[in-house]
Every structure is written in C-alpha cells, then in structure tokens.
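S.K.: Sequence isn't available, so here's the structure alone:
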C-alpha cells in the first residue's frame, strides 16, 4: 500500500495520448477524452485529494506444458480477479469511511478510467517495467492493482528509485515484437491482446501466438524481480481446476454456450464469449502441427456457427498441411458462402509463397490485355 496526491497527472495524460496517436491500443475504444479522465482522479471522485494505491499478488505456480493443451495466463485461471480484488479494496475503503464518519472514498480495480500504473509508480508502490507492467518490490509484476480515491488529505509517498536499468529480457522474450524496449507496447501485436480481440487475429501473427488460448505471461516469466518473488499469490488465485488452467484444445474447439458458462464465466476469460476461445483453440491446434487435430478442425471449418472460428480453423488446416487437411479445405470451399471464410480457405489451400507468382502472372496478363484494348 502507498499513497499519492490526487492532482491531475499531465505526464500520464500525454503518455496515454501518445499511445493512442501511435495506434498502440487501436483494438480498444480509447480516445483523448479517456486519457483526460484517466489522468484526473477527480473524475472518479469529486474533490479528490488523495489516492490509496494497493497491489495484490496473484502468482501461482504454472503447470507443465502438455501436448494439445492450451496455455492460460496466470491471472485468468482463477475466479475473476475483478470480484476478488474489488472485495479486498472495498473492505479497506469501508474502513476508511467508517473512521471518517461518512462516505469519503470511491474505488477502482481495472473498472474505471484511471491511470492505475502511473499512480502506482508516483506513489512508490512500484515502478513500470519495460514490459509495461508495474513491478512491486518483493512481489514482482504478477500483481493486481486497486485504488481508493478519497477526499481526505493523506501524506503522499514518493516514487521508488528502482528501475529496470539495462535489463531487457522481457523485450527479447516477446515473440511478436510488441515490446519496444522504451517502456511502451504495441498492444496490437501483444499475444494477450490478440487472444482477447473479437475480430480476426492478423494472419502474420497467428503462428507466433503458439499455444496461448488466453493472455500471455512470457515477458513476466523472464523478469528478474518477478522470478525472485516467486509464487506469491494466495489460494484465491489458484486455478479453478486443471482443465481451466490448461484446456484440452480439441474440447475447447467444440466449446458451446452451456459449457462455456459453467467453466469459464466465473473467470476473467468469461467476458468475450465461447467463439473467441474456439478461435484461439483453432490457432493453437494449427501451431501444434499435429495431424491428429485434423478431424476436429475439419468439423469446425465445416460446421462451426461462427465465421470467425471457421476461418481460423481453415488457417490451422493449411498450417498442418497434410493431405487430409487439404481435402477438408477443398470440401469446405464447395459449401462455404461467407466471403471472409472463403478467403481464409483459399489462402490456406494456396499459401502466399505460391500465390505471389500467380498474382504476378495475373498482373502481367492484365497489363497486356490493357495494352491491346488501348491499341
């Protein structure tokens, strides 16, 4: 726990605006108005004078990688952290209100426009690492942040002098190049972001997603302060069960609404819907390069009700590239009516390396035809 004053943070505002201007967070509906609200605690509570910043450690030991099972980020395999941390932060806020004799607080936990990491850094709770997560001394970066904005004036703490120094292990560990090394991130390339978006994962990034089906911990897994901290999370952040922590990819590909609600709704994976998880399972199966996955992917490309899943299943079949995979793609092309899925099937049947000379031939032929038309 640490304290910051509740003044408007011009540095945080400009950093957010710069990030939005670069398009780093283009998959989310953020704009300059959001930056203005996030940089002003008074937007959360009128007449705010102080902010109590809290960090809750959640790291629990990961299981071993298993064939044809997906990986889930540490934060998402337990009960939804919004509810757990909000309850903890709310308890502290109620104690402050009781001592003050009235309501003098408002709380936030990844639920309001508030520059949480900037406040954590300014209060000395921790520092922002090159992986753009807050690193808390003794706890590392596997921490949830919560804030209590209050009208009380509390003595502010100062920023910590700790930094990442010359360390750039997180930057090297990121397979998609999302981390620039200057404490900024292009979230459009971040696996954690890619597995949560509701549209298609860019084709050139799918192979880099690996077996992640929700989130990604690679940059934090190599962070020295985080490694030194170890598994600091309590029982509340342990996996609900083995299947939630490492889902069977074949089963996840067949996930339907009822099972989704029972298994994933209680977690932080529950807000995007079953189709997103099925899409992610298709990508992970394609990256597994295991021909035993072909029947399930063939069923998905032919029968899944969501075009997003059918398209990514087509990509996975093309990545596996076995005769049965290509046969399934050819069958699907004959019956598929959705243009976006047809395009994915064609791309899977005719990889880019083979498409390029075909396009060049077509372009040359079109140029010759145009010359003939012009005389």
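M.R.: Sure, I can see it. Every value quoted in this text rests on a predicted model; they were computed, and no experiment measured them.
S.K.: Tell me how the chain divides into domains.
M.R.: If you go by automatic domain parsing, the domain ranges for the chain are 2-208, 248-375.
S.K.: Tell me which of these approaches residue 239 most closely.
M.R.: With CB to CB, the closest approach to residue 239 among these belongs to domain 2-208: 4.2 Å. Backbone N, C-alpha and C define where each C-beta goes, glycine included.
S.K.: Ramachandran angles for the nearest residue to residue 169 once chain neighbours are set aside?
M.R.: Nearest residue to residue 169 in three dimensions, chain neighbours excluded: residue 222, at 4.4 Å (CB to CB, 6 or more residues apart in numbering). Dihedral angles phi and psi of residue 222 (degrees, to the nearest 10) take the values phi -110, psi 0.
S.K.: For the domains of the chain, which has the smallest mean pLDDT value?
M.R.: Comparing mean pLDDT over the domains of the chain, the weakest stretch is domain 248-375, at a mean of 87.
S.K.: what's the distance between that one and the middle of its chain?
M.R.: Here domain 248-375 is found 22 Å from its chain centre; the criterion is CA atoms, centre = their mean, to the nearest Å.
S.K.: Does residue 183 touch residue 127 like I think?
M.R.: No. The pair residue 183 / residue 127 is not scored as a contact, 9.8 Å apart, by CB atoms under 8 Å.
S.K.: ok, now which ones touch the residue nearest to residue 169?
M.R.: Contacts for residue 222 (CB atoms under 8 Å, 6 or more residues apart in numbering) come out as 169-170, 172-173.
S.K.: out of those, which is most surrounded?
M.R.: For the contacts of residue 222, the largest number of neighbours (other CB atoms under 10 Å) sits with residue 170, at 24 neighbours.
S.K.: pretty sure it is touching residue 219, no?
M.R.: Yes. If you go by CB under 8 Å, residue 170 and residue 219 touch, sitting 3.9 Å apart.
S.K.: Strands along this structure, start to end?
M.R.: In the chain, the strands defined using DSSP state E lie at 2-5, 50-57, 71-72, 105-108, 127-128, 134-135, 143-150, 212-214.
S.K.: What are the contacting residues of the last one?
M.R.: In other words, strand 212-214. 70-73, 76, 191, 195-196, 247, 249, 252, 269, 277, 280-281, 284.
S.K.: follow-up on the earlier one: so for the residue nearest to residue 169, what's the pLDDT?
M.R.: So residue 222 comes in at 97 (pLDDT).
S.K.: so how far is residue 172 from it?
M.R.: With the distance defined as CB to CB, to the nearest Å, residue 222 ends up 8 Å from residue 172.
S.K.: What ranges does the stretch 51-200 of the chain have for its helices?
M.R.: Assignment of helices within the stretch 51-200 of the chain using DSSP state H, counting those that start in this stretch yields the ranges 81-100, 116-123, 169-173, 191-194.
S.K.: Give me the distance between the spatially most central residue of the chain and residue 74.
M.R.: What sits nearest the mean C-alpha location of the chain, by CA atoms, centre = their mean, is residue 192, with 2.4 Å. Going from residue 192 to residue 74 by CB to CB gives 11 Å.
S.K.: list residues touching both of those two?
M.R.: With CB under 8 Å, 6+ apart as the test, residue 192 and residue 74 both reach residue 215.
S.K.: how many neighbours does the closest residue to residue 316 other than its chain neighbours have?
M.R.: Using CB to CB, 6+ apart and skipping residues adjacent in sequence, the residue nearest residue 316 is residue 286, 2.9 Å away. By other CB under 10 Å, 26 other residues sit near residue 286.
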